[in-house]
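Q: I would like to see how this sequence folds:
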Amino acid sequence: MMAEERTDLEAQIVKDIHCKEIDLVNRDPKNINEDIVKVDFEDVIAEPVGTYSFDGVWKVSYTTFTVSKYWCYRLLSTLLGVPLALLWGFLFACISFCHIWAVVPCIKSYLIEIQCISHIYSLCIRTFCNPLFAALGQMCSSIKVMLRKEV
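A: Okay, the predicted model is just below:
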């Protein structure tokens, strides 16, 4: 009974991952585009004091900028959104595949091999360098330094 419940739970988790609800109101829940692409008319076009265009021109420019940005984005996302989503999905799948099946095993293999080399290296240090430095320490241990301050 427990194995059957566990299989059902695993199937439910897999189903939940692939059937995740999409928030159509908040489309940037992690705020990854907070400061980058949030561009308004005032961020791009500004007239300094004393150099104003006619009010009608300013209003029409504002409306033209806002509407053209809105519809251009919608048109581009309609035409290229799905193909680019497919491309990015494929790219991140390839990156994940390489990381899981190549990078991590290579790093683990390297760490295993370097551990063996580190044991040999530490053995050589203990065998050759430790006696040398101990002898140098003994030779220099009888040196005495006296500091005098002359006035």
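
Q: Mind giving me the packing neighbours of the lengthiest helix in the chain?
A: The helix spanning the most residues in the chain, taking DSSP state H as the definition, is helix 55-98. Where contact means 3 or more CB pairs under 8 Å, 6 or more residues apart in numbering; DSSP states H and E, helix 55-98 is packed against helix 41-44. Every C-beta, even on glycine, is put in place using the N, C-alpha and C of the backbone.

Q: which parts of the helix it packs on are buried?
A: By neighbour count on 16 or more other CB atoms under 10 Å, the buried set for helix 41-44 is empty.

Q: OK, contacts around Lys108?
A: With contacts defined as CB atoms under 8 Å, 6 or more residues apart in numbering, Lys108 has no neighbours.

Q: Dump the helix or strand harbouring it to CSV, restricted to CA.
A: According to DSSP states H and E, Lys108 maps onto helix 104-124. C-alpha atoms of helix 104-124 as CSV (Å, rounded to 0.1, in the frame of the first residue of the first chain):
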residue,chain,number,x,y,z
VAL,A,104,29.6,17.5,-12.7
PRO,A,105,31.1,14.1,-13.5
CYS,A,106,34.3,15.8,-14.8
ILE,A,107,34.6,17.8,-11.6
LYS,A,108,34.0,14.8,-9.4
SER,A,109,36.6,12.8,-11.4
TYR,A,110,39.1,15.7,-11.1
LEU,A,111,38.5,15.9,-7.3
ILE,A,112,39.1,12.2,-6.9
GLU,A,113,42.3,12.3,-9.0
ILE,A,114,43.6,15.5,-7.3
GLN,A,115,43.0,13.9,-3.9
CYS,A,116,45.4,11.1,-4.9
ILE,A,117,48.0,13.6,-6.1
SER,A,118,47.6,15.7,-2.9
HIS,A,119,48.5,12.6,-0.8
ILE,A,120,51.6,12.1,-2.9
TYR,A,121,52.5,15.8,-2.7
SER,A,122,52.1,15.9,1.1
LEU,A,123,54.2,12.8,1.4
CYS,A,124,57.0,14.5,-0.6
